[in-house]
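Enquirer: give me a model of this one.
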Amino acid sequence: MTMATCVQAQAGAQVQGPGQVVVSGTVPDEATRVAVLARLRDLYGADRVVDQVSLGAVVAPPQWSQHVGKLLSPALKQVTHGQLSVQGTTIDLRGEVSNEAVRQQVAGDMAQSLNPTYTVRNGLRVAVQEQAVMDRTLANRIVEFEPGSAVLRPAGLLILDEMAATMSKLKERRFEIIGHTDASGNRQANVSLSLARAQAVKSYLVGKGMPADRLSTTGVGPHQPIASNETEEGRARNRRIEFRVGT
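Expert: Predicted coordinates:
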């Protein structure tokens, strides 16, 4: 579960399956930061929570910290590949759940726990079985590129050969190829690089026989980390290609 903060006060948290929970954003004081991190560590385990929260001159709505605490309930553990973004009194919830009943319940329980000034936007979707097949094929491996470029390395090509074989078995499904970078360097340049890498992956898969109209590309740069950018290991994990199954 990803967690983000607000424009007045903002917080965000992101969970990538069984991976780490990256918490980012800006909060008005240390007490709020400690409370948010403590709640997430209770939910997911201290070893999984990556702290990227900063303090800043932001203005939080009344009792904002308490309301954010209500959002961080055990129900969030039913969400995978998820992101919870709290921007002032606006809550955006994205990710995958097992069925429609859970999709409605998680967002509904959030809305009921808050006062009427808060708005919960439910961006959850029901996971498709084929996504699990894709995730098992990728197996948390990183599709590698040459440094600072969209040129695929040989090891990356081998992974894509496996992905192409799996995708060809999922008849009629569409796929989104999402490029990610670490946080080093210029943000806009990283977004452009992440898109170029996603497009390079698409081109390779088309060359392997995948229909181009079943593949879309997105580049999000450093904005959806799954690990800390403070270490080389974390930055390497953030430089990745993600495959999402569509309809």
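
Enquirer: would you map out the domains in the protein?
Expert: 2-126, 129-245 (automatic domain parsing).

Enquirer: adding mean pLDDT and mean neighbour count, write these out as JSON lines.
Expert: Using the backbone N, CA and C atoms, a C-beta is placed for each residue, glycine as well. Putting the domains of the chain into JSON lines (pLDDT from 0 to 100; neighbours: other CB atoms under 10 Å) gives the following:
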{"stretch": "domain 2-126", "mean pLDDT": "82", "mean neighbour count": "18"}
{"stretch": "domain 129-245", "mean pLDDT": "93", "mean neighbour count": "17"}
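
Enquirer: distance check, the spatially closest residue to Asp109 that is not a sequence neighbour against Thr32.
Expert: Leaving aside its chain neighbours, Asp109 sits nearest to Ala75 (5.8 Å; criterion: CB to CB, 6 or more residues apart in numbering). Counting by CB to CB, to the nearest Å, the gap from Ala75 to Thr32 is 22 Å.

Enquirer: then Phe243?
Expert: Phe243 is 36 Å from Thr32, by CB to CB.

Enquirer: again with Met167
Expert: Met167 sits at a distance of 44 Å from Thr32 (criterion: CB to CB).

Enquirer: also Ala200?
Expert: 41 Å.

Enquirer: what's in contact with the top helix by length along the chain?
Expert: Secondary structure of the chain per DSSP state H: the longest helix is helix 187-207. Defining contact as CB atoms under 8 Å, 6 or more residues apart in numbering, one finds that helix 187-207 is touched by 143, 145, 148-152, 157, 160, 163-164, 167, 177-184, 212, 215, 217-223, 241.

Enquirer: over to stretch 104-115?
Expert: Residues contacting stretch 104-115 (CB under 8 Å, 6+ apart): 67, 70-71, 73, 75-76, 78-79, 91, 93, 97, 118, 120, 122, 124.

Enquirer: spatially, which two of those residues are the most separated?
Expert: Using CB to CB, the pair of these lying farthest apart is His67 and Val97, separated by 22.3 Å.

Enquirer: thinking Arg141 is in contact with Ile159, fair?
Expert: Yes: the pair Arg141 / Ile159 is scored as a contact, 5.5 Å apart, by CB atoms under 8 Å.

Enquirer: what's the overlap in contacts for those two?
Expert: Between them, Arg141 and Ile159 share no contacting residue under CB under 8 Å, 6+ apart.

Enquirer: next helix or strand past the host helix or strand of Leu160?
Expert: Per DSSP states H and E: Leu160 is located in helix 154-169. Toward the C-terminal end, the helix or strand that comes next after helix 154-169 (DSSP H and E) is strand 175-179.

Enquirer: tilt between that next one and helix 154-169?
Expert: Here strand 175-179 runs at an angle of 160 degrees relative to helix 154-169 (axes from the mean of the first three to the mean of the last three CA atoms, to 10 degrees).

Enquirer: direction-wise, compare strand 175-179 with helix 187-207 and give the angle.
Expert: Here strand 175-179 runs at an angle of 140 degrees relative to helix 187-207 (the same axes, to 10 degrees).

Enquirer: and Ile241, backbone torsions?
Expert: phi -110, psi 130 (degrees, to the nearest 10).

Enquirer: show me the contacts for it.
Expert: For Ile241, the contact set (CB under 8 Å, 6+ apart) comprises Ile142, Val143, Ile177, Ile178, Gly179, His180, Arg197, Ala198, Val201.

Enquirer: which one of these is nearest to Asn229?
Expert: Ranked by distance to Asn229 (CB to CB), the contacts of Ile241 are led by His180 at 11.4 Å.

Enquirer: distance check, the closest residue to the closest one other than its chain neighbours against Val191.
Expert: Sequence neighbours aside, Arg240 is the residue nearest to His180 in space, at 5.0 Å (criterion: CB to CB, 6+ apart). Distance from Arg240 to Val191, counting by CB to CB: 15 Å.

Enquirer: that concludes my questions; thank you for your assistance.
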